[in-house]
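Q: structure for the following, please:
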Amino acid sequence: MIIINILKIALLSGSFLTSCGQKDVADSDTLVFSKFQKEKRVKFENFYHFKHGTARKFYQTDSSFIVWNARGDDGYFFYQYKFPKMDSVAAYLKMGRGKGETLAPLSGGIYKNTLWIYDMVMKKVIVKDLATSASLSNVNEYHPLGSFFSTQLQDSLKLLVTGARDTTSHKIKQLDLITGKEINRFGSYNDVPDGIPLAAWKQANESQLFINPNSKKVALAYRLTDKVEIFDLNNNKDIKTIKGPENFKAEFTAYKSSDNRDLVQRNDKSRFAFLSGHASEKYIYLLYSGNNHESEHRDNGRYIFVYDWDGKPLLKLTLDRYISSFTVSKDGNTLYGFDVATNYIVKAKIEY
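A: So this is what the prediction gives:
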């Protein structure tokens, strides 16, 4: 609830300036498409009844299943189970302000056998080694400089971030985890329309980060437009921009807040695009909404889009129910989703 309220405040205070949509930029590295190479239907079956709240994300390691509890119900944000029988192992990261505690984990994940989150309120990164006990002595904290929308641990020493609340025009920043300072930048917002402040344009084009496990490539999945971008981290190069299958523009209203900040608010035309995702060495999997931001299912989706790391739209999965989050097994053959209607983690085989 803390995260939801903060985001509402960021989007709703102030006076309106203008309303606009995203402007297309045509180049040889952009693919606009309307149909995937293949389309399949997915029928889920119940796998595990999660009793601690709503699963925001979950992750499968070699022997464990980690569930991220969205609001910290029952006092913890992460629950670990022994896979595949789902025997309870431990709970991690309490709600609070102390060491190893968090108030608003906005993004996080698993890097090798390490659990990590970024707290947008306390502006800290918490790292927990899952191979050790739940003791606080095995938790490290870092304080990157700035506020961000999405973060991704690139390795044990580097943090990738998007949505930096600053005056720079770059899409991705690479930070040193120890010092919190910037190391490198990737991509640029070179399509800002006339009359729209850069800060507002950056908010309207916020995206989630998904990194290839080999740490060489990263994908940006946009919130308010069905656009995906892939970057080569080694060569600091934008590999491909993919727009579709609807290719709808980010609709928003830019305004000036009471404290003179340039912000945006969603309007009656705003739609959500990508909600969640998973990255393997072969594929990028993205949960797609397409629904108006005021609709009942704005935060849930019935479609998963699959791309390869060269930017080819390979597969559209149509699900038999709405889910809010998902993951894919390490062998790539099983899809796990969270059914918001029943609180069940559900599973299904994937056919490519």
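
Q: tell me the centre residue of this protein?
A: Residue closest to the average C-alpha location in the chain (C-alpha atoms, centre = their mean): Q208, at 3.8 Å.

Q: skip ahead from the helix or strand containing that residue and say which helix or strand is next.
A: Secondary structure from DSSP states H and E places Q208 in strand 207-211. Counting by DSSP H and E, the next helix or strand C-terminal to strand 207-211 is strand 217-222.

Q: ok, Q208 touching V218?
A: No. Here Q208 lies out of contact with V218, judged by C-beta atoms under 8 Å, at a distance of 10.6 Å. Quick note: C-beta positions are derived from backbone N, CA and C, even for glycine.

Q: partners of the strand holding Q208, with directions?
A: Applying DSSP bridges, strand 207-211 is found paired with strand 217-222 (antiparallel).

Q: give me the pLDDT value at K112.
A: What the model reports for K112 is a pLDDT of 86.

Q: count the residues that sit near it.
A: For K112, the count of nearby residues is 12 (other C-beta atoms under 10 Å).

Q: got it, and N212?
A: 18.

Q: quick one, phi/psi of it?
A: Main-chain torsions, N212, degrees, to the nearest 10: phi -60, psi 140.

Q: ok, now which ones touch it?
A: V218, A279, S280, E281, W309 (C-beta atoms under 8 Å, 6 or more residues apart in numbering).

Q: identify the residues contacting the second one.
A: The one in question is A279. Contacts of A279 (C-beta under 8 Å, 6+ apart): F210, I211, N212, P213, A219, Y285.

Q: ranges for the strands of the stretch 251-352 of the chain?
A: Per DSSP state E, counting those that start in this stretch, the stretch 251-352 of the chain carries strands over the ranges 252-256, 262-265, 274-279, 283-288, 301-308, 313-328, 334-339, 344-349.

Q: which of the contacts of A279 tops the neighbour count?
A: Using other C-beta under 10 Å as the neighbour criterion, A219 leads those with 26 neighbours.

Q: pretty sure that one is touching L209, no?
A: Yes. A219 is in contact with L209 according to C-beta under 8 Å; the separation is 7.5 Å.

Q: what about A200, distance to L224?
A: Separation of A200 from L224 (C-beta to C-beta, to the nearest Å): 12 Å.

Q: meant to ask about V306, not that
A: Separation of V306 from L224 (C-beta to C-beta) stands at 21 Å.

Q: and for I211?
A: According to C-beta to C-beta, I211 stands 22 Å off from L224.

Q: what of V346?
A: V346 sits at a distance of 28 Å from L224 (criterion: C-beta to C-beta).

Q: the two: who's more crowded?
A: L224 (25 against 22).

Q: just give the nearest non-adjacent residue to that one, would you?
A: A250 (3.9 Å; C-beta to C-beta, 6 or more residues apart in numbering).

Q: surely the one you found and A204 touch.
A: Yes. Counting by C-beta under 8 Å, A250 touches A204, with 5.1 Å between them.

Q: wait, what's in contact with F77?
A: W68, N69, Y92, L93, K94, M95, T102, P105, I117 are the contacts of F77 under C-beta under 8 Å, 6+ apart.

Q: which one, of the strands of the stretch 251-352 of the chain, ends up nearest to F78?
A: Nearest to F78, of all these, is strand 313-328, at 13.4 Å by C-beta to C-beta.

Q: which parts of the closest one are buried?
A: For strand 313-328, burial by neighbour count (16 or more other C-beta atoms under 10 Å) applies to 313, 315-317, 319, 321-328.

Q: helices or strands up against that strand?
A: Contact analysis of strand 313-328 by 3 or more C-beta pairs under 8 Å, 6 or more residues apart in numbering; DSSP states H and E lists strand 38-42, strand 55-60, strand 274-279, strand 283-288, strand 301-308, strand 334-339 as its packing neighbours.

Q: quick check: angle from the third one to strand 313-328?
A: Computed with axes from the mean of the first three to the mean of the last three C-alpha atoms, to 10 degrees, the direction of strand 274-279 lies at 90 degrees from that of strand 313-328.

Q: and the angle from strand 274-279 to strand 283-288?
A: Counting by the same axes, to 10 degrees, strand 274-279 lies at 160 degrees to strand 283-288.

Q: now the second one
A: Counting by the same axes, to 10 degrees, strand 55-60 lies at 160 degrees to strand 283-288.

Q: give the next helix or strand downstream of strand 55-60.
A: strand 64-69.

Q: state the mean pLDDT of the following helix or strand past that following strand.
A: Under the assignment DSSP H and E, the closest C-terminal helix or strand after strand 64-69 is strand 76-82. Averaging pLDDT along strand 76-82 gives 95.

Q: ok, then the element right after the helix or strand of the chain with the lowest mean pLDDT?
A: Here the helix or strand of the chain ranked lowest by mean pLDDT, DSSP states H and E is strand 15-20, holding a mean of 38. Per DSSP H and E, the first helix or strand lying C-terminal to strand 15-20 is strand 30-32.
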